[in-house]
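1. A predicted structure for the sequence below; I have some questions about it.
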Amino acid sequence: MTFQITVQPSGHQFSCDEDETVLAAAMRAGVGLPYGCKNGACSSCKGKVISGSVTHKAHQARALTPEEEAAGMSLFCCATPHADLVIEAREVAGSGDYPVKKMPSRVSTIEKVAPDVVVISLQLPANETLQYRAGQYIEFLLRDGKRRSYSMATAPDNGPITLHIRHMPGGLFTDQVFSTMKERDILRFEGPLGTFFVREDSDKPMVLLASGTGFAPIKAIVEHLVQTGSKRAMTLYWGGRRPQDLYMDALCREWAAKLPNFNYVPVVSNAEAEDNWSGRTGFVHQAVMADLPDMSGYQVYSCGAPIMVETAKADFVAKCALPEEEFYADAFTTEADLAAF
């Protein structure tokens, strides 16, 4: 059975099969619902069911609480319809501009930039290109049918696609990356995916908030804004447990020295005496709050661990007057996050 989905306030409509999620149907129809992980962990696709009813597949309770579900909220990446639906969602202009492709790539370089982080570069087949927006991600297609998602760390048209990969001990894919992967290996992927990219219809100053390898899409966004000659003010807050987690600190300091509209604030939460760290300490989002107690005129682009992203959004909105609709995020979910359902 097929149902009709109507999105408010745009009025856009699309069909959805009864065993299909609302998000999958929207993507198939080219309707730009916001999304990130696509598996019920990050809450980027959360919206409201105004009429009709849905069943939710497995998801994390923190992404959609029972109280929210009772109030009509829904995770559209996990929701399958029982009837025609009217939903309320903030659509993302431009999210469907570039085709999603499945294609092979060859590992051209592997560079270890921290004890647990490598940067890999991908070479695409001759005469093939991947059009994407800075901030989007690709999914590697593994042989067992599983997928692993990584954000592109380079702006479009700024050299080969690069990815920042952190080792998750015991991880099916990252164990391979850190042990047996070598240059010229073939990897298949699908992309571009995600709605985490700059809303270029605004000139508001931007807070770029990253933890760990959440820096990857932020790097692509900065490069894109530099390429396009944007004059928007940008402040990057990058947090790690120890200084070595800020594995491209020198690049960020170079940006701060060269770009008149760019500031950089590194934050370390668990520095050891041997690190000789004299910079900001504590949780990275709290550094933002200390510097910007009134965020009513800002946009925030946040990427990293789900707990950081969720806490930052809640605190910025509740305590710093950030408009909720001006917080854009990509939470990096791991297999451990998914196993916690």
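-> That came in fine, so what should we check first?
2. alpha carbons only for contacts and neighbour counts from here, please
-> Noted.
3. any idea how far Leu208 is from Gly72?
-> 31 Å (CA to CA, to the nearest Å).
4. so how far is stretch 236-254 from its chain's centroid?
-> 18 Å (CA atoms, centre = their mean, to the nearest Å).
5. average model confidence for it?
-> Taken as a whole, stretch 236-254 has an average pLDDT of 97.
6. residues in contact with stretch 179-195?
-> Here stretch 179-195 makes contact (CA atoms under 8 Å, 6 or more residues apart in numbering) with 34-37, 92, 95, 98-110, 130-133, 135-142.
7. Do a quick rundown of the helices in the stretch 101-250 of the chain.
-> Using DSSP state H, counting those that start in this stretch, the helices found in the stretch 101-250 of the chain span residues 172-179, 215-227, 249-258.
8. if we can go back for a sec, give me the subset of the contacts of stretch 179-195 lying in strands.
-> 101-110, 137-141 (DSSP state E).
9. so which two of the residues you listed are the farthest from each other?
-> Lys101 and Ile110 (23.8 Å; CA to CA).
10. Looking at the two, which one has more neighbours?
-> Ile110 (18 against 15; other CA atoms under 10 Å).
11. Which residues are in contact with the more buried one?
-> Ile110 touches Val118, Val119, Ile120, Ser121, Lys182, Glu183, counting by CA under 8 Å, 6+ apart.
12. Run through the bridge partners of it.
-> Ile120 (DSSP bridges).
13. in this structure, which helix or strand is least confident?
-> helix 335-339 (a mean of 51; mean pLDDT, DSSP states H and E).
14. Hmm, Cys77 and Leu23 touching each other?
-> Yes. Leu23 is in contact with Cys77 according to CA atoms under 8 Å; the separation is 4.9 Å.
15. State the three-state secondary structure for Lys319.
-> Of the three states, Lys319 takes helix under DSSP: H, G, I helix; E, B strand; the rest coil.
16. And for the residue nearest to Tyr137 when sequence neighbours are not counted, the neighbour number?
-> Sequence neighbours aside, Ser151 is the residue nearest to Tyr137 in space, at 3.9 Å (criterion: CA to CA, 6 or more residues apart in numbering). When counting by other CA under 10 Å, one arrives at 29 neighbours for Ser151.
17. circling back: more neighbours: Leu208 and Gly72, which one.
-> Leu208 (25 against 17).
18. I figured the more buried one hits Tyr237, correct?
-> Yes. Using CA under 8 Å, Leu208 is in contact with Tyr237, at 6.1 Å.
19. Show me what Lys48 bridges to in the sheet.
-> Met73, Glu88.
20. wait, doesn't it sit right on Leu85?
-> No. The criterion here is CA under 8 Å, and Lys48 misses it with Leu85 at 10.3 Å.
21. what about those two, which has more around it?
-> Counting neighbours by other CA under 10 Å for Lys48 and for Leu85 shows that Leu85 has the greater number, 22 against 19.
22. State the distance from the more buried one to Phe14.
-> 10 Å.
23. cool, Arg199 as well?
-> Distance from Arg199 to Phe14, by CA to CA: 24 Å.
24. Same question for Gln131.
-> 25 Å.
25. Over to Gly96?
-> 14 Å.
26. who's more crowded, those two?
-> The residue with more neighbours, out of Gly96 and Phe14, is Gly96; 20 against 17, by other CA under 10 Å.
27. what's that one sitting at in phi/psi?
-> Main-chain torsions, Gly96, degrees, to the nearest 10: phi -110, psi 20.
28. Just to check, it is in contact with Arg28?
-> No. The pair Gly96 / Arg28 is not scored as a contact, 9.6 Å apart, by CA under 8 Å.
29. From Cys320, how far off is Gly297?
-> 10 Å.
30. Please say which of the two ends up with more neighbours.
-> Cys320 (17 against 12).
31. what's the spacing between that one and Thr281?
-> For Cys320, the distance to Thr281 - CA to CA - is 20 Å.
32. next one: Ile120
-> 30 Å.
33. now Ala312
-> 16 Å.
34. So if I had to pick from these two, which one is more boxed in?
-> Per other CA under 10 Å, whichever of Ala312 and Thr281 has more neighbours is Ala312, with 22 against 19.
35. isn't there a helix covering the more buried one?
-> Yes. Applying three-state DSSP, one finds Ala312 inside a helix.
36. nearest residue to it other than its sequence neighbours?
-> Closest to Ala312 by CA to CA, 6+ apart is His285, at 5.6 Å.
37. re earlier: pull up the overlap in contacts between Leu23 and Cys77.
-> Tyr35, Cys45.
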